[in-house]
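Engineer: take this sequence and fold it.
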Amino acid sequence: MTNRRWGLVGWMGALSLACGDPSGDDGSGAGSNATTMTPPASTGDEPLTTGVTSAATSEGMTSSHDSATTGVDGNTTPPADDDGTTESPVYFDLGMIPDSPMFCTEGDGDVQYSYIWIANSTQGTISKINTETLVEEGRYQTRPDTSGSPSRTSVSLSGNVAVANRSGGLTKFYANHDDCPDANGNGVVDTSDDSTWEPWGDEECMAWHTPMAYISQRPVAWTQGVFDKSACTITDEKVWTAGSPDGNSIEVLLVDGDTGIIEETIPVPGVAAGFYGIYGAAVDSEGNFWGSQLGGGTLVHVNLESFDLETWPTVAGGYGMTVDQDGYVWTCSSQAGRFDPSTETWQQANVGGSGGCMPDGGDILWMASSPMVGINRNTLAVEYSIPLPEYVHGVSVDYQGYVWGVSMSSNAYRVDPETGTWDTVTGLVNPYTYSDMTGFALNNVGGGGQPSG
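Structural biologist: Predicted coordinates for the structure are as follows:
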């Protein structure tokens, strides 16, 4: 059995909470029992629907763990802890509650909400979905012309999201309505709260948009920033991104998270743009940039302080990439490649994934596909194999310990890894996200002096 425990002992960086009372949906629309095993075609404008999707899931799941096989698990009631209680809706074994904007008062253990941000690529929008209620609480246009083709999203430790447009441009949105200004002075914040979106320029929860002249701009990853306990806030957050202006050269950019101003541009000489330049990115515990290329090629590292550039050839081709809590860098597709920066060596294994990957904070690295696979980060052996109704290309982990799979049609699946059952979120439009769309991976790597679990 995985070492999961119900009880709030982890940093809730992506909960998009400030020190005061959070705003947001009260979740009253959750808990539908409607089955959405084969949802109707979506126009992208209807509300999301949720529900139990698989009574047979646990029968099709294989795992080397002693996972429960309880059949349908359509509610959000947490399993009992060892003492039989179910007091908290979040489970982790991360050891302590560190300082954070949510827990400036020691002993406050209530979790309000957390989000997953999924790009609707052909629609030019991103969806803000509550990971506990499965309700879409906002949809936002990511570029003025709706032709940006957004894909990768990254959530900061303060809970806000940055989204990269594949056709160029980076955009930030506030998660907490309290942070959104009443720009037009009409006494309210004009913002989306469901699957419809405000016209460009009217959305007051858009923090900034920075146009960028790239023919390919995929990766985006926040740094940790600096936590100020006395002010109960995180400051000096930066955003990494990368792009190719011409299909031949590659640049890595560091962007000010508050203003969207480009602070540094780091050329990557000697690395062919190939397929789309740098394809995926993540940061380590010091906020340094790690980027990978589609199908293999080169692993790129940029130091946050000095902007020194290092590169290594990759041995395992990949779509997704991530950095785990031990500092290993992973490239993921049908193979899992694990790079050790201290020895500059690779290990790899054929594991049957295909797409994004994300560590769960423990020993498991989850990899997208159908079945979704979970491998042991130490041995690279497959320990979980969970069939889903369709292929998922993106994978993420939320702050309740569920694993999310994002399809390329109209659905996202919230999977309970212990039972192999799932809930379905529908109404998405060609979703194509397999980056750190909850903020869990950023929290998981921690950082010197940073809030971390």
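Engineer: contacting residues for the residue lying closest to Ser369 once chain neighbours are set aside?
Structural biologist: Nearest in space to Ser369, with sequence neighbours left out and distances taken as CB to CB, 6 or more residues apart in numbering, is Ser354 at 4.2 Å. Yep, even glycine has a C-beta here, placed from its N, CA and C like the rest. By CB atoms under 8 Å, 6 or more residues apart in numbering, the contact set of Ser354 is Tyr319, Ser333, Ser334, Met367, Ala368, Ser369, Tyr391, His393.
Engineer: can you get me the start-to-end distance on stretch 254-266?
Structural biologist: From its first residue to its last, stretch 254-266 covers 8 Å (CA to CA, to the nearest Å).
Engineer: would you mind listing the buried residues in it?
Structural biologist: Within stretch 254-266, the residues that qualify as buried are Leu254, Val255, Asp256, Gly257, Gly260, Ile262, Ile266, counting by 16 or more other CB atoms under 10 Å.
Engineer: where along this protein do the helices fall?
Structural biologist: Taking DSSP state H, the helices of the chain run over residues 57-60, 440-445.
Engineer: hmm, back to that, report pLDDT for the residue nearest to Ser369.
Structural biologist: Confidence at Ser354, expressed as pLDDT, is 89.
Engineer: just Val429 next, same as before
Structural biologist: So Val429 comes in at 97 (pLDDT).
Engineer: okay but it is in contact with Gly124, surely?
Structural biologist: No. Applying CB atoms under 8 Å as the test, Val429 and Gly124 come out as separate, 9.2 Å apart.
Engineer: related to what we said a few turns ago, can you add distance to Gly327 and pLDDT and give the contacts of Ser354 back as CSV?
Structural biologist: Formatted as CSV, the contacts of Ser354 follow (distance: CB to CB, whole Å; pLDDT from 0 to 100):
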residue, distance to Gly327, pLDDT
Tyr319, 22, 88
Ser333, 21, 91
Ser334, 24, 90
Met367, 19, 97
Ala368, 23, 96
Ser369, 26, 94
Tyr391, 31, 96
His393, 26, 95
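Engineer: what's the closest of these to Pro417?
Structural biologist: Using CB to CB, Met367 comes nearest to Pro417 of these, at 12.5 Å.
Engineer: could I get the full set of strands for the stretch 301-450 of the chain?
Structural biologist: Counting by DSSP state E, counting those that start in this stretch, the stretch 301-450 of the chain has strands at residues 309-313, 320-323, 329-332, 335-340, 345-350, 357-359, 364-367, 372-376, 382-386, 392-397, 403-407, 412-415, 422-425.
Engineer: export the ones you listed to CSV and append columns for mean neighbour count and distance to Gly225.
Structural biologist: Converted to CSV, the strands of the stretch 301-450 of the chain look like this (neighbours: other CB atoms under 10 Å; distance: least, CB to CB, whole Å):
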stretch, mean neighbour count, distance to Gly225
strand 309-313, 14, 23
strand 320-323, 28, 17
strand 329-332, 28, 21
strand 335-340, 22, 25
strand 345-350, 14, 31
strand 357-359, 28, 21
strand 364-367, 26, 26
strand 372-376, 25, 30
strand 382-386, 23, 33
strand 392-397, 28, 21
strand 403-407, 26, 24
strand 412-415, 25, 28
strand 422-425, 26, 29
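Engineer: residue contacts, the residue lying closest to Gly405 once chain neighbours are set aside?
Structural biologist: Closest residue in space to Gly405, ignoring its immediate chain neighbours: Val392 at 3.2 Å, by CB to CB, 6+ apart. Neighbouring residues of Val392 by CB under 8 Å, 6+ apart: Gly355, Ala368, Ser369, Ser370, Met372, Gly405, Val406, Ser407, Ala412, Tyr413.
Engineer: equivalent analysis for Thr171, please.
Structural biologist: Here Thr171 is in contact with Thr142, Arg143, Pro150, Ala162, Val163, Asn165, Met206, Trp208, His209, Thr210 (CB under 8 Å, 6+ apart).
Engineer: in these, find the pair that's most separated.
Structural biologist: That would be Pro150 and Trp208, which, of the contacts of Thr171, are the farthest apart (CB to CB) at 15.1 Å.
Engineer: who has more neighbours, the two?
Structural biologist: For Pro150 versus Trp208, neighbours defined as other CB atoms under 10 Å are more numerous around Pro150 (32 against 16).
Engineer: surely the more buried one is in contact with Ser127?
Structural biologist: No. Between Pro150 and Ser127 there is no contact under CB under 8 Å: 10.5 Å.
Engineer: who touches both of the two?
Structural biologist: Ala119, Asn120.
Engineer: hmm, back to that, neighbour-wise, which of the contacts of Thr171 leads?
Structural biologist: That'd be Pro150 among the contacts of Thr171, by other CB under 10 Å, with 32 neighbours.
Engineer: so that residue versus Gly446, what's the distance?
Structural biologist: Separation of Pro150 from Gly446 (CB to CB, to the nearest Å) stands at 28 Å.
Engineer: circling back: which of the contacts of Val392 sit farthest apart?
Structural biologist: Once CB to CB is applied, the contacts of Val392 give Ser369 and Ala412 as the farthest pair, at 14.8 Å.
Engineer: give me the below-cutoff pLDDT ranges for the stretch 201-350 of the chain.
Structural biologist: For the stretch 201-350 of the chain, no stretch is flagged by pLDDT under 70.
Engineer: one more time with 90
Structural biologist: Applying pLDDT under 90 to the stretch 201-350 of the chain flags residues 227-233, 274-275, 295-296, 316-319.
Engineer: what is the neighbour count of Asp416?
Structural biologist: 21.
Engineer: again with Asn430
Structural biologist: 16.
Engineer: hmm, it is touching Met408, no?
Structural biologist: Yes. Contact criterion CB under 8 Å: Asn430 and Met408 qualify, at 6.4 Å.
Engineer: strands of the stretch 151-300 of the chain, start to end?
Structural biologist: Counting by DSSP E, counting those that start in this stretch, the strands of the stretch 151-300 of the chain are 161-165, 170-173, 206-210, 220-222, 226-228, 233-235, 238-243, 251-256, 262-267, 280-283, 289-292, 298-302.
Engineer: reformat those as TSV; add distance to Thr314.
Structural biologist: TSV is the format used below for the strands of the stretch 151-300 of the chain (distance: least, CB to CB, whole Å):
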stretch	distance to Thr314
strand 161-165	21
strand 170-173	25
strand 206-210	29
strand 220-222	18
strand 226-228	32
strand 233-235	32
strand 238-243	16
strand 251-256	17
strand 262-267	19
strand 280-283	11
strand 289-292	7
strand 298-302	5
